[in-house]
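Peer 1: Following is a predicted model, sequence given first.
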Amino acid sequence: MSARFKAGDPVVVKNEHRPGHIRTPMYLRGKRGVVLKDYGSWKNPEDLAIGRDGLPLRVNYWVQFRMDDVWNGHGAYGAVDTIAAEIYEHWLEPDTNASGKNRP
C-alpha cells in the first residue's frame, strides 16, 4: 500500500462522528495539521476493536497541529507550541486551503 501523504503535506482531519472504537481524538477532528512522518501500513485498529480482521491495511501518520488551531486561544500554551498525534490515512484529507499560517 502506498502512502497518500508525505512529510510536509498539509492535511485536515475529517470531522466525522462514527460509532464504536475510534483512535482519532475528537478534539482534532476538523483541524488542520502537517504530516511529520509516515509510520507505514497497519491493520485498522477501529476494525480490530470489534473483532474484524483490520483489513485493508491503513497508513498511519504522525501529524503536527498548532495548539492555537486546536484550542482557539483557550488554555495556557505558547504562541509556537504544537501537539502531534498518530492519525490513520482514512481520517485525513488534503488541506486545499493551506497557507503558511496553518503550518506548525
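Peer 2: Good, I have the coordinates. Numbers count the residues shown, from 1 in each chain.
Peer 1: Next up, the contacts around the residue positioned nearest the centre of the chain.
Peer 2: Central residue of the chain (Cα atoms, centre = their mean): I87, 3.7 Å from the mean position. Residues in contact with I87 (Cβ atoms under 8 Å, 6 or more residues apart in numbering) are V11, V13, T24, L28, G33, N60, Y61, V63. In this view, the C-beta of every residue, glycine as well, is placed from N, C-alpha and C.
Peer 1: Dig out what it forms beta bridges with.
Peer 2: Per DSSP bridges, the residues bridged to I87 are Y61.
Peer 1: Let me know the distance separating it from N15.
Peer 2: According to Cβ to Cβ, to the nearest Å, I87 stands 13 Å off from N15.
Peer 1: Kindly report the same for F65.
Peer 2: F65 is 14 Å from N15, by Cβ to Cβ.
Peer 1: okay, the two: which has more neighbours?
Peer 2: Taking other Cβ atoms under 10 Å, F65 and N15 do not tie; F65 has more neighbours (23 against 12).
Peer 1: looking at the sheet around that one, what are its partners?
Peer 2: Beta-bridge partners of F65, as defined by DSSP bridges: I83.
Peer 1: Could you pull out the buried residues of stretch 49-62?
Peer 2: If you call a residue buried by 16 or more other Cβ atoms under 10 Å, then stretch 49-62 has these buried ones: G54, R58, V59, N60, Y61, W62.
Peer 1: ok, those residues vs K37, which is closest?
Peer 2: Comparing the buried residues of stretch 49-62 against K37 with Cβ to Cβ picks out W62 as the nearest, at 4.3 Å.
Peer 1: can you pull the contacts of the closest one?
Peer 2: With Cβ under 8 Å, 6+ apart, W62 has these contacts: V35, L36, K37, Y39, A84, A85, E86.
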